[in-house]
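Next comes the sequence, and after it the predicted model I'd like to discuss.
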Amino acid sequence: MPDYTHAPEPLGVPTRRAALRLLDAVLRRGESLESALPAATRAIHGPDRGLAHAIAAETLRRLPDLDAMIDSVTKTNLPDDAKARMALRIALVQVLILGTPSHAAISTVLPLVDGGPRKLVHGVFGTLFRANMLLPEVPTLPAPVELRWEAAWGEEMVDAAGRAIAQVPPLDLTIADPSETEGWREKLGGESFMPGHLRLGDHDSVPDMAGFGDGAWWVQDIAASLPARLLGKGEGHVLDLCAAPGGKTLQLASAGWTVTSVDNSQSRIKRLRENLYRTHLKAEVVNADILEWAPTEPADRVLIDAPCSATGIFRRHPDVLHRVRPSIIAETAALQARIFARAADWVKPGGTLVYATCSLEPSEGEAQLDAFLATRSDYSIAPVDQSELPAGISPTETGTIRTLPGMLADQGGCDGFFIARLKRS
């Protein structure tokens, strides 16, 4: 893609060009939005970066429906990666989702076509605008995702996933001291699903909210908080594997455990250390690859938040719907199996292991557990009880946890997770 960062452009165009770079990174190169953000927005600053991210993210949320609109008024379908199609996607999502005036939306994307069919882009946009076309109430998922999830979970789940991606996810907080939950609910508003949890709708900037600077709470989706909750309170030693950015480490440390947190990402480890400093909690932090690292002795508890496709967090990261393919799912599932088998040897006899993934793919959850148990007779499922979970999330028949789109839907939903608690004999 040509570099236009050194040429002065009309107001608003650099932001749309940054959004175009973000979409190109996700759809053509398979990068995540977050990893592509620094390079794609290097020419803009402050609120413009947020707007570029919002344009790209909302385009990815609605991509199949935006493309259907565009194709409905063109004689020949534009190539998927054509700049004309990308410009139209960006213009339409601004008008239909972000509330940008139509004249501003089209005038700031025409320069993106860079000498291409500007008349076509302007004409298609004008035709759709005059027809007053609207996006469907329930977004359409990308066809490969829809087929995969329908086969695994059924049509109802697919419909729920579409409804979920259309909504702005609420903000979940984990309270460091669960006994103070009601006090923080009175200060911040919202509702609590269980001790130590608070869900907010409209809210201030997170760093400006009461309690943030004091480390009284941290941001963590209700589903993401469940794996550490299953270990309860304790005084022994816990290994938190693949730990960064540290939400589960903070939970374990605040519950009284002595925690060793291991992660192979330096940037994410930095965030973990910052979170520990802010919350005044302690943990031994190790920057290492757990396929090469090993503890000096077994631990009382081990928590594996295994690397995965992350399709369960599609509400906040819609890029996973477009860049995660079966080959990536197969690769992460193979990595998980190696981590699972290796870490299982680090649990003391009589100890507990919790395995979790933020994935909606059975191969990264249920199938992973079945394969592990088939080779490890010293492990068995320690069933989760309903009393350990919030209303609206129930254990499976086998005693594991599977959160899906549609759960807690009336309260704002939750991320997709698979969680299993195992006991070593």
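Right, received. Where do you want to start? Residues are numbered from 1 along each chain as shown.

any idea how far Pro14 is from Ala52?
Look at Pro14 and Ala52: by CB to CB, to the nearest Å, they are 9 Å apart. C-beta here means a position set from N, CA and C on the backbone, and glycine is covered the same way.

got any residues that touch both of these two?
Ile44 (CB atoms under 8 Å, 6 or more residues apart in numbering).

neighbour-wise, which of those two wins?
Shown here are Pro14 and Ala52; by other CB atoms under 10 Å, Ala52 has more neighbours (25 against 22).

does Thr260 count as helix, strand or coil?
Of the three states, Thr260 takes strand according to DSSP: H, G, I helix; E, B strand; the rest coil.

per-residue confidence for it?
At Thr260, the model reports a pLDDT of 98.

Just give me the neighbour total for it.
21.

Please name the bridge partners of it.
Judged by DSSP bridges, the bridge partners of Thr260 are Leu239, Glu284.

ok, it to Ala82 distance?
Per CB to CB, Thr260 is found 51 Å from Ala82.

With Gln336 instead?
Counting by CB to CB - Gln336 and Ala82 are separated by 38 Å.

Give me the more crowded residue out of those two.
Gln336 (24 against 15).

List the contacts of that one.
When contacts are counted by CB under 8 Å, 6+ apart, Gln336 touches Ala306, Pro307, Cys308, Thr357, Glu364, Gln368.

For the fifth one, give its distance to Gln94.
Read it as Glu364. 35 Å.

What residues sit buried inside the helix or strand hosting Leu88?
Assigned by DSSP states H and E, Leu88 falls within helix 83-96. By neighbour count with 16 or more other CB atoms under 10 Å, helix 83-96 contains the buried residues 83-96.

Residues in contact with that helix: which ones?
Contact with helix 83-96 is made by 16, 19-20, 23-24, 55, 58-59, 62-63, 66-67, 69-70, 78-79, 100-102, 104-106, 108-110, 112-114, 116-117, 120-121, 124-125, 128-129, 134-135, as judged by CB under 8 Å, 6+ apart.

In helices, which of those residues fall?
Applying DSSP state H to the contacts of helix 83-96, the entries found in helices are 16, 19-20, 23-24, 55, 58-59, 63, 66-67, 69-70, 102, 104-106, 120-121, 124-125, 128-129.

from those, which would you call buried?
Buried among those by 16+ other CB under 10 Å: 16, 19-20, 23-24, 55, 58-59, 63, 66-67, 69-70, 105-106, 120-121, 124-125, 128-129.

in this structure, which residue is closest to the centre?
Ile313 (3.0 Å; CA atoms, centre = their mean).

thought that one was touching Cys414?
No - assessed by CB atoms under 8 Å, Ile313 is found out of contact with Cys414, at 10.2 Å.

Can you pull the residues that touch both of the two?
Counting by CB under 8 Å, 6+ apart, the shared contacts of Ile313 and Cys414 are Asp221.

I'd like the distance between Leu28 and Leu173.
In this structure residue 28 is Arg, not Leu. Shown here: Arg28 relative to Leu173, a distance of 37 Å by CB to CB.

Would you mind telling me which of these two has more residues around it?
It is Leu173, of Arg28 and Leu173, that has more neighbours when counted by other CB under 10 Å, with 28 against 12.

show me what contacts that one?
Trp184, Leu188, His197, Leu198, Arg199, Leu200, Trp217, Trp218, Val219, Gln220.

Check which helix or strand it maps to.
With elements taken from DSSP H and E, the one containing Leu173 is strand 171-175.

hmm, who's touching the helix or strand following that strand?
Per DSSP H and E, the first helix or strand lying C-terminal to strand 171-175 is helix 181-188. Here helix 181-188 makes contact (CB under 8 Å, 6+ apart) with 173, 175, 191-192, 195-198, 200, 203, 209-211, 216-217.

Point out the least confident one among those residues.
Minimum confidence in the contacts of helix 181-188 sits at His203, scoring 82.

Excluding chain neighbours, what is closest to it?
Among residues not flanking His203 along the chain, Leu171 sits closest, at 5.5 Å (CB to CB, 6 or more residues apart in numbering).

Quick one: neighbours of Lys75, just the number.
Counted with other CB under 10 Å, the neighbours of Lys75 add up to 4.

I meant Ser309, not that one.
Neighbours of Ser309 under the rule other CB under 10 Å: 25.

Tell me if I'm right that it and Val324 touch.
Yes - under the criterion of CB under 8 Å, Ser309 makes contact with Val324 at 4.7 Å.

just the contacts of Gln336 now: which is nearest Ser394?
Of all the contacts of Gln336, Ser394 sits closest to Thr357, with 18.9 Å by CB to CB.
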